[in-house]
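In: starting from these lines, generate the structure:
(chains A, B and C, ligands or ions: 4)
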Amino acid sequence: MNALAKPCLDIRSLSAVLPNGLRVLRSVSLAVEPGEVRALVGESGAGKTMIGKAVLGVLPSSVRIVEGDMLLEGEDLGKLQAKARRTLIGARTALIPQDPLTALNPSRRIGPQMTDRLVRILGWSGEKADARIRQLLDEVQIREPERVLKCYPHELSGGMRQRVLIAAAFAAEPRLIVADEPTTALDVTVQKQILRLIAQLQREHGTAILFVTHDLGVVAKISQKVSVLYAGKVVEEAETAALFAAPQHPYTRALMAATPRYTDPFASLKPVDEAVLAGLASEIAAADQAWRRPHG
Amino acid sequence: MAEPLFSVRGLKVALPDMTRKPLIGRAPLAEILKGLDFDLPKGSVTGIVGESGSGKSTLGRALVRLLEPSAGKVIFDGRDITHLAEAELRPLRRNLQMIFQDPMSSLNPRRTIASIIAAPLKQNGLGDNLKARVAEALQRVGLPQGFASRYRHELSGGQRQRVGIARALALSPKFVLADEIVSGLDVSTQAQILTLLEKLAAEMGLTVAFISHDLSVIRRLCRQVIVMREGAIVEASATDTLFEKPQQAYTRDLLAAIPLPEIDDAWLLPAAKAPA
Amino acid sequence: MDEARISRHGSRARLWLAGGWLLIALLAAIFAPLVAPQDPLAQDLMLERLPPFWLDGAEPGYWLGTDSLGRDLLSRLIFGARIAFIVAFAAALAACLVGSTLGLIAGYFGGWADRIISRIVDVWMAFPPVLFAILLVAVLGTGLSSVIIAIAVIDWTRFCRVIRAETMGQSRMDYVENARIAGYGRIGIMLREVLPNVVPSIVALLSLEMGIAVIVEAILSFVNLSISTDDPTWGGIIAEGRLSIHQAWWVLVFPLVTLILTVLSFSQFGEGLRARFDPVLR
Ligand SMILES: Nc1ncnc2c1ncn2[C@@H]1O[C@H](COP(=O)(O)OP(=O)(O)OP(=O)(O)O)[C@@H](O)[C@H]1O
Ligand SMILES: Nc1ncnc2c1ncn2[C@@H]1O[C@H](COP(=O)(O)OP(=O)(O)OP(=O)(O)O)[C@@H](O)[C@H]1O
Ligand SMILES: [Mg+2]
Ligand SMILES: [Mg+2]
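Out: Ligands and ions are numbered 1, 2, ... in the order given. The predicted structure follows:
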């Protein structure tokens, strides 16, 4: 990995607002190098999914980007024509969405849904797509790939749906994968296998991954860098090893302390301290003030 | 110990396997649950863990009778509900709640959050003071009141999950099946929800079946654990016994695969065949 | 970066333009006797083939000119709108009511209900629609009500197929089971939970169908199978205009433009309504 290489994804000072003027993303900056897994952790509702959606150009119409640039392998997405941008994003990125069932078409079988994208967007032949999908279903430890391909989404278990979407995202060997809580419905043995698969993809193809999760255990094992998000603001960013060795921000420390360990269940899982929350609130307010001045 | 709220004997569930459906005629049945026996004591929290696709959600659906078992017996609160018809189940529904695994699809896209939480209240004769009840339900799961008028697509994943929790708990049911309800929440919010469940179990005798892949949470919350694999129970025991002296190889595999929040570079390497 | 916003502005403009045209046409149709400058049936050979107002030889009061019998074209178009709108509303609503109800039942209940309804739809759709319409009108006799019945009888299948598929997809979502947990019965769930989620499709189809009904009515009048030849209809005017295209092009062009604008407006209006009022798209 070359220090001079362009980051695969480079988000610079991205802000987005809701119709009522509230900022959901507060000057977020974040870069993912090729072959790197960047973990994104933080409070529920902090805006992790928003960041992923902004990168992929699928923000809801009520959310408006008011500031910032996003570069995908050096190309400024904001400067591209709508169609060129969609083509670029379609060819180089993939999303593992947070809600598997609604991401799948309920009235089509799994098989054609998975191969469609490969055939339509990437122009693969039907057989090639089919073979690739089968291989990947096997790698994500789907037991009966034949049956699963013929099922409708509602006939699969939660974890099977999630693995189907993981396989679909991996299939095209994209440059960047936005993985939005991809292992929430997987048992730990399958989760371990998926994480291994990600590590392998990263090694062999230099895929960059933006990995959203609430599980600090997973963060420790898979990621090289971590961004901690609170109320749409990156409050801490560090190398994973450094973060676990010495978390700097009080919120990160609180999260670490609250993370449950099966070896010692009763020492953990407590809500974040009032004092920490008060500190965060004033930090956010200060950031908003500083931001509002030049932006009127 | 108190008499069980649920008593399950030889429970089997078979669903039509549409992928093997012949051109003409019925699809053959695939047996998803292959004879389960267990009890859920009143006011207890029971963990259900196991491989993805092993039938945990299906078991949940059978317990709250969204599915009809194909064999065996399900006794709820002293009453055999195995084959009750939909109309006979309706008076029991209030006490048989389920929080679904997929929070997005379990909320109606074209109803507001307030109306989603209010619907079961109205339907079960708790329609008085509706506004206050909805407000209280939101507050208990840590959602701001302003969310009442939102739609599901205007919420984050974890917020949707909490709407599902609020909706089920607002009914003050006797039993709730929680299907993977905290995996999409940050640890601080997790703590809040778990404390709420513990409190309801202790104070109001709520019985919880808690499906989760997070064994750390299971250990913290549950008194007993059922481990499932391929539609059968492989191990069922008190939580501490399970974690300290796992009997089955599969349970030991599960425990070994838990990622602890510590840096460990060797963890991801393919398992070297450990010498026996 | 603001595609979404542009498309939102686009959809608002669409809603207003299409809605505006439909409103004008509808008001003109309702108050036809008041707004029409002339009697649409009054023939006057002195006034035959007058050109529209901006050309030489136009007469004041005959804004769009006259046809080969000297009847005022604008007045005929306005009175023709009455029939066009009656057919559009009545036929589309009837087709929608029948088709959507059956589609909802087939999609939600599945099983036997679905098998029977789907089979009927398949058989129905095997008939070529225009031939089917002509045959029906031939059997029922010409007249306004037989045109309406013919269109409804043919086009309910369009609603049925789309709504069935949509309902089936929605019924597989967990929120339907969640309603059972809440204690709702089957019919209650179908009406309370599933129906609101297929209404957007129904509205879109309905507006499309209104446009189609206007066209079918025009075709039927064109081949002289609609209502009595005395009453002006758009199709009838087009048919007459075709005969005198070389002497009076306006008799063909104006009704065609009116027809196309109306049909387009119906479909755009439906799309616009959806974008404006569906909470999921808003
Ligand atoms: N369409 C919308 N309109 C208004 N607010 C929205 C909309 N979508 C999301 N939000 C709000 O924006 C915030 C960020 O949402 P986002 O989905 O990015 O959170 P998240 O970090 O992914 O959380 P989680 O871990 O719970 O999934 C939330 O507070 C949510 O309520
Ligand atoms: N409606 C259905 N029709 C046919 N098969 C089904 C249906 N629903 C579930 N199955 C099958 O039943 C098995 C068990 O599914 P279930 O959802 O109970 O698993 P689970 O233990 O909840 O898994 P996960 O942890 O991944 O959610 C799976 O193999 C699934 O494909
Ligand atoms: Mg999210
Ligand atoms: Mg499940």
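In: low-scoring stretches of chain B, by residue?
Out: In the prediction, chain B carries residues with pLDDT under 70 at positions B:1-2, B:271-276.
In: who in it is up against ligand 2?
Out: Contact residues (C-beta under 6 Å from any ligand atom) of chain B with ligand 2: B:15, B:32, B:52, B:53, B:54, B:55, B:56, B:57, B:58, B:101. Placement of C-beta: from N, CA and C, glycine included.
In: any chance of those residues in CSV, plus neighbour count and secondary structure?
Out: Shown next, in CSV, are these (neighbours: other C-beta atoms under 10 Å in any protein chain shown; DSSP: H, G, I helix; E, B strand; the rest coil):
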residue, neighbour count, secondary structure
B:15, 16, strand
B:32, 23, strand
B:52, 24, coil
B:53, 26, coil
B:54, 25, coil
B:55, 24, coil
B:56, 29, helix
B:57, 23, helix
B:58, 19, helix
B:101, 27, coil
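In: separation between whatever residue of the stretch 1-150 of chain B ends up closest to chain A and residue B:123?
Out: Residue of the stretch 1-150 of chain B nearest chain A, by C-beta to the nearest C-beta: residue B:52 (2.9 Å). With distances taken as C-beta to C-beta, to the nearest Å, residue B:52 is found 33 Å from residue B:123.
In: in the longest helix seen in chain A, what's buried?
Out: The longest helix of chain A (DSSP state H) is helix A:274-295. The neighbour-count check on helix A:274-295 (16 or more other C-beta atoms under 10 Å in any protein chain shown) flags A:276, A:277, A:280, A:283, A:284, A:287, A:288, A:291 as buried.
In: same thing with stretch B:54-74?
Out: Using 16+ other C-beta under 10 Å as the test for burial, stretch B:54-74 gives B:54-67, B:69-70, B:72, B:74.
In: give me the subset of these lying in helices.
Out: Counting by DSSP H, those place B:56, B:57, B:58, B:59, B:60, B:61, B:62, B:63 in helices.
In: okay if I get those residues as a markdown table plus distance to residue A:210?
Out: Shown next, in a markdown table, are these (distance: C-beta to C-beta, whole Å):
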| residue | distance to residue A:210 |
| --- | --- |
| B:56 | 30 |
| B:57 | 29 |
| B:58 | 33 |
| B:59 | 35 |
| B:60 | 32 |
| B:61 | 34 |
| B:62 | 39 |
| B:63 | 38 |
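In: what about chain A: which of those residues touch it?
Out: B:56, B:57, B:58 (C-beta under 8 Å from any C-beta of the partner chain).
In: of these, closest to residue B:11?
Out: Closest to residue B:11 out of these is residue B:58 (10.2 Å), distances taken as C-beta to C-beta.
In: for the chain, just list every one of the helices.
Out: Since you didn't name a chain, this refers to chain A. Going by DSSP H, chain A shows helices at A:48-56, A:82-92, A:100-103, A:110-120, A:126-139, A:145-150, A:158-171, A:188-205, A:216-222, A:240-245, A:250-258, A:274-295.
In: wrong chain, I was asking about chain C
Out: Counting by DSSP H, the helices of chain C are C:3-30, C:32-35, C:73-109, C:111-125, C:129-140, C:144-171, C:174-181, C:186-189, C:195-222, C:234-243, C:250-277.
In: which one of those lies nearest to residue A:143?
Out: Among the helices of chain C, helix C:174-181 comes nearest to residue A:143, with 23.5 Å by C-beta to C-beta.
In: and residue A:33, backbone torsions?
Out: phi -80, psi 160 (degrees, to the nearest 10).
In: what's the answer for residue C:64, then?
Out: Main-chain torsions, residue C:64, degrees, to the nearest 10: phi -100, psi 10.
In: circling back: mind checking how far the residue of the stretch 1-150 of chain B closest to chain A is from ligand 3?
Out: Distance, residue B:52 to ligand 3, using C-beta to the ion, to the nearest Å: 21 Å.
In: contacting residues for that residue?
Out: By C-beta atoms under 8 Å, 6 or more residues apart in numbering or on different chains, the residues touching residue B:52 are A:157, A:158, A:159, A:160, A:163, A:185, A:186, A:187, A:190, B:213.
In: now residue A:126
Out: Taking C-beta under 8 Å, 6+ apart, we find residue A:126 in contact with A:115, A:119.
In: what about it, distance to residue A:111?
Out: Counting by C-beta to C-beta - residue A:126 and residue A:111 are separated by 11 Å.
In: sketch out the low-pLDDT regions of the stretch 151-296 of chain A for me.
Out: Across the stretch 151-296 of chain A, the ranges flagged by pLDDT under 70 are A:295-296.
In: so which bits of it are right by ligand 2?
Out: Counting by C-beta under 6 Å from any ligand atom, the residues of the stretch 151-296 of chain A near ligand 2 are A:154, A:155, A:156, A:157, A:158, A:159, A:160, A:185.
In: TSV please, covering those and showing distance to chain C and neighbour count.
Out: As requested, these are arranged in TSV below (distance: C-beta to the nearest C-beta, whole Å; neighbours: other C-beta atoms under 10 Å in any protein chain shown):
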residue	distance to chain C	neighbour count
A:154	4	18
A:155	9	20
A:156	11	22
A:157	13	19
A:158	10	24
A:159	15	28
A:160	15	26
A:185	13	25
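In: which positions in the stretch 151-276 of chain B make contact with chain C?
Out: For the stretch 151-276 of chain B, the residues in contact with chain C (C-beta under 8 Å from any C-beta) are B:151, B:153, B:164, B:167, B:168.
In: how about the contacts made by the closest residue to the second one other than its chain neighbours?
Out: Looking back up the chat, that one is residue B:153. Sequence neighbours aside, residue C:280 is the residue nearest to residue B:153 in space, at 6.2 Å (criterion: C-beta to C-beta, 6 or more residues apart in numbering or on different chains). If you count contacts by C-beta under 8 Å, 6+ apart, residue C:280 has them with B:109, B:110, B:151, B:153, C:200.
In: helices of chain B, start to end?
Out: For chain B, the helices defined by DSSP H occupy B:56-63, B:86-93, B:113-123, B:130-140, B:157-169, B:187-204, B:215-221, B:239-244, B:249-256.
In: wait, which of these is closest to residue C:213?
Out: helix B:113-123 (35.3 Å).
In: that closest one - contacts with which helices or strands?
Out: helix B:130-140, helix B:157-169 (3 or more C-beta pairs under 8 Å, 6 or more residues apart in numbering or on different chains; DSSP states H and E).
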